[in-house]
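# I'd like to go over a predicted model; first the sequence, then the structure.
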Amino acid sequence: MALTPATGGGCGESTPRSPIQSPRPVNSDVEWDSFDPQAYVRHNYADLRSDDREILCRIRDFFAGAKLSDARCVDVGSGANLYPALSLLPFSKALDLCEWSTANVNWLRTQVDSYDELWDPYWQVCAEHPAYAALADPRRRLAQVGRVVRASVFTLPRHAWSAGTMFFVACSISADRAEAEHAIGRFLDALRPGSPFAVTVMLGSLGYSVGRRMFPAVALQRADVVASIATGAYNLDVHEVRPKPPLRDGYLSMLLATGRTRG
């Protein structure tokens, strides 16, 4: 979320090993099942921050203008963040929330059934746009169309969805730059040609804590992220958010990229 880099922290490799053993751990080194979604939500989303509002307004307007209807949508690496999924809700006939961490999967299932009141301000931001305001009961709608899927970003099927989000996943699933680029590529390839998408990353991230545990990150730079996304996208729009005050120590800014996938 605006998020620490771990909103997608649990959408990792499908064969996790036990504790982090390397100063630059790869995804499969990390015990993702130890991720604490309640601690993560308390720190990141208990109050709607101005940076989250800015990002949410931008993706709301982007998807509302994308002419989507009854689409099969996906949020990859949902972790313990619900608002990327909410941004897709009015346009979804099916909405898959893909996540690897068992702890996050269990948390997501409770939220899909009936999400907590703390997400109401996030929906209210969405509902400032008529396309969202027309949806009278977002809780019921998410329970109808939402599905939590335990899945790795690295094993997503090709061309399975027609719109998608991936928030703070590539930067926060390992300390390996190649894995970050691979995650971006797999996400874009999971969408059908011409699909609208939104991706966010933390720039310059040095790692992050959730509760008492530290999780790895990779210090991505703007030019590298844009180049990686651009190989699989067109109509790319990039916006950088510099939170004041910052959400935590150890990062430079947040990058939001929207566009459509290439064939």
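Ah, there it is. Remember, it's a predicted structure, so these values are computed and weren't measured experimentally.
# Please make it C-alpha for all contacts and neighbour counts, starting now.
OK.
# Specify the beta-bridge partners of the residue nearest the centre of the chain.
Central residue of the chain (CA atoms, centre = their mean): residue 167, 2.2 Å from the mean position. Counting by DSSP bridges, residue 167 is bridged to residue 200.
# Was I right to think it contacts residue 80?
No. Contact criterion CA atoms under 8 Å: residue 167 and residue 80 do not qualify, at 10.8 Å.
# separation between the nearest residue to residue 170 once chain neighbours are set aside and residue 137?
Nearest residue to residue 170, sequence neighbours excluded (CA to CA, 6 or more residues apart in numbering): residue 180, at 4.4 Å. Per CA to CA, to the nearest Å, residue 180 is found 36 Å from residue 137.
# ok, those two, which is more surrounded?
Neighbour count, other CA atoms under 10 Å: between residue 180 and residue 137, residue 180 has more, with 23 against 9.
# Roughly how far does residue 179 sit from residue 64?
Taking CA to CA as the criterion, residue 179 is separated from residue 64 by 31 Å.
# meant to ask about residue 70, not that
For residue 70 relative to residue 64 (CA to CA), the value is 13 Å.
# Neighbour count: these two, which is higher?
A count of neighbours by other CA under 10 Å puts residue 64 above the other of residue 70 and residue 64, at 20 against 12.
# how about that one, what does it touch?
Counting by CA atoms under 8 Å, 6 or more residues apart in numbering, residue 64 touches 129, 131.
# list the helices and strands the helix or strand hosting residue 149 packs on?
Secondary structure from DSSP states H and E places residue 149 in strand 146-150. Counting by 3 or more CA pairs under 8 Å, 6 or more residues apart in numbering; DSSP states H and E, the packing neighbours recorded for strand 146-150 are strand 92-99, helix 102-113.
# In the stretch 51-200 of the chain, mark out all the strands, start to finish.
Secondary structure of the stretch 51-200 of the chain, counting by DSSP state E, counting those that start in this stretch: strands at 71-76, 92-99, 146-150, 163-167, 196-203.
# can I get these in JSON lines with mean pLDDT and distance to residue 235?
Shown next, in JSON lines, are the strands of the stretch 51-200 of the chain (pLDDT from 0 to 100; distance: least, CA to CA, whole Å):
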{"stretch": "strand 71-76", "mean pLDDT": "98", "distance to residue 235": "19"}
{"stretch": "strand 92-99", "mean pLDDT": "98", "distance to residue 235": "22"}
{"stretch": "strand 146-150", "mean pLDDT": "98", "distance to residue 235": "28"}
{"stretch": "strand 163-167", "mean pLDDT": "98", "distance to residue 235": "15"}
{"stretch": "strand 196-203", "mean pLDDT": "95", "distance to residue 235": "9"}
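# I'd like those strands laid out as JSON lines, including distance to residue 219.
Putting those into JSON lines (distance: least, CA to CA, whole Å) gives the following:
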{"stretch": "strand 71-76", "distance to residue 219": "20"}
{"stretch": "strand 92-99", "distance to residue 219": "22"}
{"stretch": "strand 146-150", "distance to residue 219": "27"}
{"stretch": "strand 163-167", "distance to residue 219": "16"}
{"stretch": "strand 196-203", "distance to residue 219": "6"}
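# so which of those gets nearest residue 35?
Residue 35 lies closest to strand 92-99 among the strands of the stretch 51-200 of the chain, at 11.9 Å (CA to CA).
# Which pLDDT value goes with residue 21?
At residue 21, the model reports a pLDDT of 38.
# swap in residue 24?
Note on residue 24: pLDDT of 74.
# What of the one 10 residues further on?
Per-residue confidence at residue 34 stands at 80 (pLDDT).
# Pretty sure it sits against residue 100.
No. Using CA under 8 Å, residue 34 is not in contact with residue 100; the gap is 11.6 Å.
# So these two - more neighbours on which side?
The residue with more neighbours, out of residue 34 and residue 100, is residue 100; 26 against 14, by other CA under 10 Å.
# Hmm, the more buried one is touching residue 80, no?
No. In this structure, residue 100 is not within contact of residue 80 by CA under 8 Å, at 11.5 Å.
# need the contact list for residue 166.
By CA under 8 Å, 6+ apart, the contact list for residue 166 reads 8, 75, 76, 77, 78, 84, 187, 198, 199, 200.
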